[in-house]
Structures are given as structure tokens and as C-alpha cells.
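K.L.:
Here is the input, now give the coordinates:
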Amino acid sequence: MLKEGRRVRLAVDLGLAGEVVPAGGPAAEAGTGAGFLALAAGVEGTVERVVEEDRPRSPEVSEYERLKSLLDDFGHQMPPASRGQLEERVADLEPAWTAYRERRLRTTVRVRFDNGFVLGDAPGDLFVPA
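P.N.:
This is a model prediction of the structure:
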């Protein structure tokens, strides 16, 4: 489990390529610097920040939640034909709801490695507990 302050280890080799700009300073002119950094699996560091992003919700998921709540709260008071139609609609939307629930949350982390490098907005599954 990734939590702020916990020690982690990089689970895979990483190659980071891109534009090199000073941290916190003004942006450099486009194309003035490029670099490549390799981090080997096993490099350890400390988690500074964890961000869990919610799964995107489709209109079907929202409709399932709305109708399911309506059915749960008022279904016993509805006429049998109306309740049956509502139950059918909820059943039709259930596969979308199940797929939504099975999708994992996207977790990103900021890790300060022991060598001083900082990796931000990295997928959480790149790390294992140290």
C-alpha cells in the first residue's frame, strides 16, 4: 500500500527521456535542452505524495446508481408493473456498473529517491514496499 512517508523500491528499470528545464525557474526556450535518465530497479526512496484519481463515470453508471437508489428506497411502494420495469432497467445497466466497479483507481505518486532524484506523477504500480 502506498502512503505518504513510506519507503518504497522501484520495481522496474525506468528510462526517462525529455526536455530538461530548471525546477521552479522560468521555462527554457523550446528545444534548448534534452536529456535521458535511467533509474535501475531496486532504487529506494520515500513517498512524498499519493494521488488517487477516481474512475471515469459513464452515463450508464450514473443512471444505474440513480435507478438502483430509487428502487431500493421506493420500490416497495411502487405498483408491481412499474417496479418490474424499473428492475428490468436496473438489470440492463448492471454490466456497466460491474465493469465500473472492477476498474482500478489510478494512483500516482511523488517519490524522493535516496540519491536525491524526485519522480513525480509516476504510476503507483512502478513501486513496491521497501
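K.L.:
Any chance you could list what contacts stretch 106-116?
P.N.:
Residues outside stretch 106-116 that contact it (C-beta atoms under 8 Å, 6 or more residues apart in numbering) are 2, 8, 10, 39, 43-53, 55, 118-125, 127. C-betas here are computed from N, CA, C, even on glycine.
K.L.:
how about a cut-off of 10 Å?
P.N.:
1-4, 6-10, 39, 43-56, 117-127, 130 (C-beta atoms under 10 Å, 6 or more residues apart in numbering).
K.L.:
again, but for stretch 123-130
P.N.:
Contact with stretch 123-130 is made by 1-3, 6-12, 14, 39, 41-47, 50-52, 104-109, 111, 114, 119, as judged by C-beta under 10 Å, 6+ apart.
K.L.:
Give me the buried subset of those residues.
P.N.:
Buried residues within those, counting neighbours by 16 or more other C-beta atoms under 10 Å: 2, 6, 8-10, 39, 43, 45, 47, 50, 107-109, 111, 119.
K.L.:
Now go through the contacts of stretch 123-130 and say which are in strands.
P.N.:
Among the contacts of stretch 123-130, the members falling in strands (DSSP state E) are 7-10, 14, 39, 44-47, 50-52, 106-109, 111, 119.
K.L.:
doesn't Ala91 make contact with Thr98?
P.N.:
No: taking contacts as C-beta atoms under 10 Å, Thr98 lies outside contact range of Ala91: 11.4 Å.
K.L.:
How many residues are close by Ala122?
P.N.:
By other C-beta atoms under 10 Å, the residues close to Ala122 number 17.
K.L.:
check contacts around the closest residue to Lys68 other than its chain neighbours.
P.N.:
In space, and not counting its chain neighbours, Lys68 is closest to Val90: 5.4 Å by C-beta to C-beta, 6 or more residues apart in numbering. Val90 makes contacts with Glu63, Tyr64, Glu65, Arg66, Leu67, Lys68, Ser69, Leu70, Leu71, Asp72, Gly75, Trp97, as judged by C-beta under 10 Å, 6+ apart.
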